[in-house]
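[1] pasting the sequence and the predicted model now:
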Amino acid sequence: MKCPNCGLINPDEAILCDCGYNFKKEKLEKPKRITNIGEKALISQVNAFNIIGVTIISIIGIIILLSSFVNLFDLLSEELEIAHGGILIGILILTLGNLFWIMLCKKWKLFIETKTQLILIYYELLGKEK
């Protein structure tokens, strides 16, 4: 069965198209959103986890940077490469570490939201109310 809204080919027994068109009611419905306490709590935990992780990674990077800068002034010319390496490691931890952490938390949040949407679709297809 072809969706009149988006043109997607759906199975004959389909009730809803991916775009939200309801074949039984023959109209486009806004996708429903589960807003239960469990999902909100999980997303709040992910946000808190994100803030804590970024703070810890930033502190580690700043400590490495500061210790490298202090060593930079105390070292002889042969040991300057070690201090420059510490500065580079500190900068990498601050930038790449925080970017990786933020991306990880965003994926985690997206997973939670997608899972709850799948549960909603499952109950809607079964005709049950959550």
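    In hand now; what should we look at?

[2] for the residue most central in space within the chain, give me the pLDDT.
    Centroid-nearest residue in the chain, with CA atoms, centre = their mean: K106, separated by 1.1 Å. In this prediction, K106 carries a pLDDT score of 83.

[3] quick one, helices of this protein?
    Listed in chain order, the helices of the chain (DSSP state H) span 37-74, 80-92, 98-126.

[4] and G20, which of the ones you listed is closest to it?
    helix 98-126 (10.8 Å; CB to CB). For every residue, glycine as well, the C-beta is placed using N, CA and C.

[5] what is the closest one packed up against?
    helix 37-74 (3 or more CB pairs under 8 Å, 6 or more residues apart in numbering; DSSP states H and E).

[6] may I have the phi/psi pair for K25?
    The phi/psi pair for K25 (degrees, to the nearest 10) reads phi -90, psi -10.

[7] contact partners of stretch 92-103?
    For stretch 92-103, the external contacting residues (CB atoms under 8 Å, 6 or more residues apart in numbering) are 50, 53-54, 57-58, 60-62, 64-65.

[8] report pLDDT for K32.
    Reading off the model, K32 has pLDDT 53.

[9] same question, G86
    For G86, pLDDT reads 72.

[10] and for the one 3 residues further on?
    I89 is assigned a predicted lDDT (pLDDT) of 81.

[11] got the contact list for it?
    Per CB under 8 Å, 6+ apart, neighbours of I89: 64, 68.

[12] circling back to that earlier point, now the helices of the chain as CSV including distance to M1?
    Below are the helices of the chain laid out as CSV (distance: least, CB to CB, whole Å):
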stretch, distance to M1
helix 37-74, 32
helix 80-92, 53
helix 98-126, 15
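
[13] which among the ones you listed is found nearest to C3?
    Nearest of the helices of the chain (CB to CB): helix 98-126, 15.9 Å.

[14] buried set for that closest one?
    Residues 98, 101, 105, 108, 112, 116, 120 are the ones in helix 98-126 that count as buried (16 or more other CB atoms under 10 Å).

[15] since that was my last question, I'll sign off now.
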